[in-house]
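> Sequence and computational prediction follow.
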Amino acid sequence: MARIGVLALQGDFREHIGALRRLGAEAHPVRLPQDLERVDGVIIPGGESTVMGKLMVAYALDQPLRERIQAGLPTWGTCAGLILLARATDNALLGQPLLAAMDIRVCRNAFGAQRESFETDLRVPALGDQPYHAVFIRAPSVDEVGTGVEVLARLESGHIVAVRQGPLLGTAFHPEVTGDLRFHAYFLGITQGAHAAAH
């Protein structure tokens, strides 16, 4: 079974670890570079993207993580994690480190402040016919996608809120708080496919 590391510097990493374990995967917190050594995939959770980025630098995680991602490590960013995976963001705070792994441009807090958080049902064909109930908390949106990026879900307004680029997955919402494990299962499928291809 896949071994998934969850970046555990800040944000809702515990919920992701719980969701993965319910699916039978091994899930471990990642706080130091050596925690990346034996993982088949990584989740960068929601939280505060500026704080998380600065902590990655402080714990010397940013460069090893960037190198592993470039080498093909399946990686899923949710909310703040999506921002960190982007090659560019329209309104990053000064000094915001980005992993610049996905060919996307994102907008931080695209839907407003905390009080504008919302929930909605999304059509996500990659997960099947049943709508996916998504929770958006100070969420970003994807404003531009490169040619190799697949759009997995949009809001009715047209905002792109879920993307995939090869072994990289990004969601603007928080699948770990809903109890619907389909996105976690989808990421495990990406991870297992990449692992099989590498061996």
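The structure has been received and is ready for your questions. Residues are numbered from 1 along each chain as shown.
> sec struct for residue 29, please.
Three-state call for residue 29 (DSSP: H, G, I helix; E, B strand; the rest coil): strand.
> In this structure it contacts residue 42, no?
No - when contacts are counted by CB atoms under 8 Å, residue 29 is not listed as touching residue 42 (11.1 Å). Any C-beta I mention is one placed from the backbone N, CA and C, and that applies to glycine too.
> more neighbours, the two?
residue 42 (23 against 15; other CB atoms under 10 Å).
> How about the residue nearest the centre of the chain: which residues does it bridge to?
Computing the C-alpha centroid of the chain and ranking residues by CA atoms, centre = their mean puts residue 77 first, at 1.1 Å. On the basis of DSSP bridges, residue 77 is bridged to residue 44, residue 170.
> Enumerate every residue touching it.
Neighbouring residues of residue 77 by CB atoms under 8 Å, 6 or more residues apart in numbering: 43-44, 83-85, 102, 168-171.
> Of these, which is the most crowded?
residue 44 (33 neighbours).
> for that residue, what are its contacts?
Residues in contact with residue 44 (CB under 8 Å, 6+ apart) are 7, 52, 75-78, 80-81, 84-85.
> ok, and for the helix or strand harbouring residue 196, which residues are buried?
In this structure, residue 196 is located in helix 182-198 according to DSSP states H and E. Buried residues in helix 182-198, counted by 16 or more other CB atoms under 10 Å: 183-184, 186-188, 190-192, 194.
> Stretch 143-151 now?
Neighbour counts using 16+ other CB under 10 Å place 143, 145, 149 of stretch 143-151 among the buried residues.
> do the same with stretch 124-133
Buried-residue list, stretch 124-133, by 16+ other CB under 10 Å: 124, 127, 132.
> confidence score at the first one?
In the prediction, the pLDDT value recorded for residue 124 is 98.
> Is it in contact with residue 150, as I believe?
No - here residue 124 does not reach residue 150: they are 11.6 Å apart, not a contact under CB under 8 Å.
> Show me where the chain has its strands.
3-7, 26-30, 41-44, 75-78, 86-89, 102-107, 118-122, 132-136, 141-145, 150-154, 160-165, 168-171 (DSSP state E).
> Same list (the ones you listed) but as CSV, adding distance to residue 178.
Listed next are the strands of the chain as CSV, based on distance: least, CB to CB, whole Å:
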stretch, distance to residue 178
strand 3-7, 17
strand 26-30, 17
strand 41-44, 15
strand 75-78, 11
strand 86-89, 23
strand 102-107, 22
strand 118-122, 9
strand 132-136, 6
strand 141-145, 19
strand 150-154, 14
strand 160-165, 14
strand 168-171, 11
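> mean pLDDT for those: which is lowest?
Across the strands of the chain, strand 86-89 gives the lowest mean pLDDT, at a mean of 90.
> strands paired with it, and their directions?
Strand 86-89 is paired, per DSSP bridges, with strand 102-107 (parallel).
> Brilliant, that's me finished.
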